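Undergrad: How does the following fold in three dimensions:
(one chain, ligands or ions: 2)
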Amino acid sequence: MMVPFEGCEKSVRYYLVQVLFIFWYWGSVKNVEADVVASVGTNVNLGEALQFLREYDLEASRMCFTVGTSQWIYATNMTDFNKRRMVEEQVLKAKFDKLTWSRAMAFDWTKIPDPMVRRHLKFLVTSGRGSLPDEKYNEIHHLISEMKDIYAHVRVCPYDNNDKIYCDLELEDLSEIMAKSRNPLELAHVWKEWHDKTGPPMKNKFMRYVEIANQASKFNGFQDAGEEMRYLYEDADFENVVAETFQRLQPLYKEFFTYVRKKLVKQYGPNVVRPEGPLPAHILGNIWAQDWSNIENIVTPYPNTPKIDVTDEMRRQGFTPLRIFQMSEEFFTSLGLKPMPPEFWRHSMIEKPVNRKVQCTASAWDFCNRLDYRIKQCTEVQMKDLITSHHEMAHIQYYLYYADQPYLYRDGANPGFHEGIANAISLSVYNPTHLHLVGLFNNDTTDYETNMKFLFGMALGKLAYAPYAYLVDLWRYEIFRNGVSNMNSDWWQLRIKFQGVVPPIPRSEQHLDAAAKRHIPADMPYMKYYVALLLEFQIFEVLCNAAGHTGPLHSCDIYRSREAGRILSDIMTVGRSKHWKDVLRILTKGKSNKLSSDSMIKYFQPLYIWLKVQNKNEKLSGG
Ligand code: X8Z
Ligand code: ZN
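TA: Residues are numbered from 1 along each chain as shown. Ligands and ions are numbered 1, 2, ... in the order given. Below is the predicted model of the structure:
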């Protein structure tokens, strides 16, 4: 199983674990703007605005520290007591956010002369659901918590378990079956159970959520909640821009899809996989069919050529989790970037403790006090974790570089930047050239078959993911814009159109298959992953050019390139203080400010040529 790039940044400010409890605690707290329709205030006094923002900055940073600390304590020691303390802090934070919104609303940000102050106030008043009356504010958070709860508590019976005794499979178990089982009946069972137990019980709640989310957005001056989600990209043409990048990926995706389908027909036969049709969603190694890495052994070319995996070598050399993190740090210092601060080494959790329950998903934390940065990772000595540690540390580098910005600018230039940068670093690390240079891989890295196999493996994780990453929010935009009738058929229309994937069994409007993905019930945006995917390759290409790389892009390693490090520090230092297009200008030294799929296409170019030869007698299809 190859999952090279996982983990994510853990921005305390957006993270509310148990919002349901928050609103129990909140109780009857009243707010002065109850039932007031949001409108821009009249205050245009620059001095007062500056004073308000200074106070906000201090208080928000302090809040981020206290909430973040309570979340860290819970995530690394999951007791009921720690959970209660965390919830108490989150209640205070939620109150603070709503109060901040109402104070910011007193200003007419559009008329404030100072551009920095204007931008700050704009961020504060045009985001979130603070504009809703208390009742609805509480209701929508309650709905989201209930949907998250339904999602978290789904349990499924195993296939062929006739006595129905052990019906306790959780998502993690189901994911394991989807990854490893090659029995199409078992896979269809798991797929059906998961989708039947997530969507239908939350459908009514989801419809009400759509209604209230749209109301909040209208209060904020948007047409609907989808427009508000896109507003974070500060680009009126955003939908067209991403659509164009996606179109350009089509020829490559179709070749890839056609090749994968041919291999799957061979494995499962024409009754499961139609030789010229779309792919059924249950045989792609992943419950959402978003990442196909787990079927690598079925579909890979050159099955006898060894895969690049340095796990054995790491163990032979006596690697430890600490050494993995030291090696990651050395990667960044070799670029001239910052070493990890002492607090990082003192407080990070880089191994799974034996004596207590912890949340093991890898994450990088910014405690917003300009001192305290940590990684939480249950590191094992294996290649996957070596890459993850570099990825997480790239998030910490971003935190360190934008630390001197005001609170609201201590963030990625747009929602895709953090993941984009972290994954660009991973591209350089999960790379035969780099692994050879750090003494973990000794085979010939120029061999043609090894390279094609490597690129094919990357395509299963990255190229297969592109349409899925793109369509999740396309669907949400459609629902917010056009309403909640035909939600499920809309979902499958997008999936067949963009991914070329169909459900393994008939579906109806009783189902809500999009809700099988956590980001839908949890109200978490998804387009950022598509944007991050493009940025990852764009940033990687620029860094490689700066490092003087010649040859195919996929073999580039930026290790020890001070010039690549300088570019990284330049784009990270500005955080969110500049428009992301200006950050792309900095990245490209003025050459371009466009989001583009060209670098991704370039990365996979050798595979594309190879696929065209392999598919010369095939009828191409795909998205
Ligand atoms: O949701 C996540 C992370 C949080 S940053 C767990 N990811 C997306 C997903 O799981 O679909 C990471 C990759 C894409
Ligand atoms: Zn990440």
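Undergrad: Quick check: closest non-adjacent residue to whichever residue of the stretch 101-250 of the chain sits closest to ligand 2.
TA: Here the stretch 101-250 of the chain gets closest to ligand 2 at one residue, Leu232, 17.7 Å apart by C-beta to the ion. In this view, the C-beta of every residue, glycine as well, is placed from N, C-alpha and C. Leaving out its chain neighbours, the residue that sits closest to Leu232 by C-beta to C-beta, 6 or more residues apart in numbering is Pro415, at 5.6 Å.
Undergrad: picking that back up, what number of residues lie near the residue of the stretch 101-250 of the chain closest to ligand 2?
TA: Leu232 is flanked by 19 other residues according to other C-beta atoms under 10 Å.
Undergrad: Same check on Ala515?
TA: 26.
Undergrad: now the one 4 residues further on
TA: Applying the criterion other C-beta under 10 Å, we find 16 residues in the vicinity of His519.
Undergrad: same thing with the one 3 residues further on?
TA: For Ala522, the number of neighbouring residues by other C-beta under 10 Å comes to 16.
Undergrad: those strands in the stretch 351-500 of the chain, which residues are they?
TA: 363-366, 373-376 (DSSP state E, counting those that start in this stretch).
Undergrad: of these, which approaches Gly551 most closely?
TA: Checking these against Gly551 by C-beta to C-beta gives strand 363-366 as the closest, at 31.4 Å.
Undergrad: Tell me if that closest one is near ligand 2.
TA: No. Using C-beta under 5 Å from the ion, strand 363-366 stays clear of ligand 2, coming no nearer than 7.0 Å.
Undergrad: ok, back up a step: how about the strands of the stretch 351-500 of the chain in TSV, adding mean neighbour count?
TA: Compiled in TSV, the strands of the stretch 351-500 of the chain are given as follows (neighbours: other C-beta atoms under 10 Å):
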stretch	mean neighbour count
strand 363-366	25
strand 373-376	24
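Undergrad: what about the residue of the stretch 351-500 of the chain at minimum distance from ligand 2, neighbour count?
TA: Distances between the stretch 351-500 of the chain and ligand 2 by C-beta to the ion are smallest at Ala422, namely 4.3 Å. A count of nearby residues for Ala422, using other C-beta under 10 Å, gives 28.
Undergrad: Make sure it is actually in contact with Ala394.
TA: Yes. Using C-beta atoms under 8 Å, Ala422 is in contact with Ala394, at 4.0 Å.
Undergrad: What distance do you get for the residue lying closest to Gln377 once chain neighbours are set aside to Asp309?
TA: Spatially, and ignoring its direct neighbours in sequence, Gln377 is nearest to Ala362 (4.1 Å; C-beta to C-beta, 6+ apart). Computed as C-beta to C-beta, to the nearest Å, the Ala362 to Asp309 distance reads 19 Å.
Undergrad: neighbour count winner among those two?
TA: Ala362 (21 against 15).
Undergrad: The more buried one and Glu392 touch, don't they?
TA: Yes. Contact criterion C-beta under 8 Å: Ala362 and Glu392 qualify, at 5.5 Å.
Undergrad: how about the closest residue to Asp385 other than its chain neighbours, what does it touch?
TA: Distances taken as C-beta to C-beta, 6+ apart place Thr379 nearest to Asp385, at 4.8 Å, with adjacent residues excluded. Thr379 makes contacts with Pro321, Ile324, Phe325, Ile350, Glu351, Lys352, Asp385, Thr388, Ser389, as judged by C-beta atoms under 8 Å, 6 or more residues apart in numbering.
Undergrad: Looking at Thr379 now. What's its pLDDT?
TA: For Thr379, the pLDDT comes out at 98.
Undergrad: And it, how far from Met349?
TA: 9 Å.
Undergrad: Pipe the strands of the stretch 351-500 of the chain into a markdown table and attach mean pLDDT per row.
TA: Shown next, in a markdown table, are these (pLDDT from 0 to 100):
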| stretch | mean pLDDT |
| --- | --- |
| strand 363-366 | 97 |
| strand 373-376 | 98 |
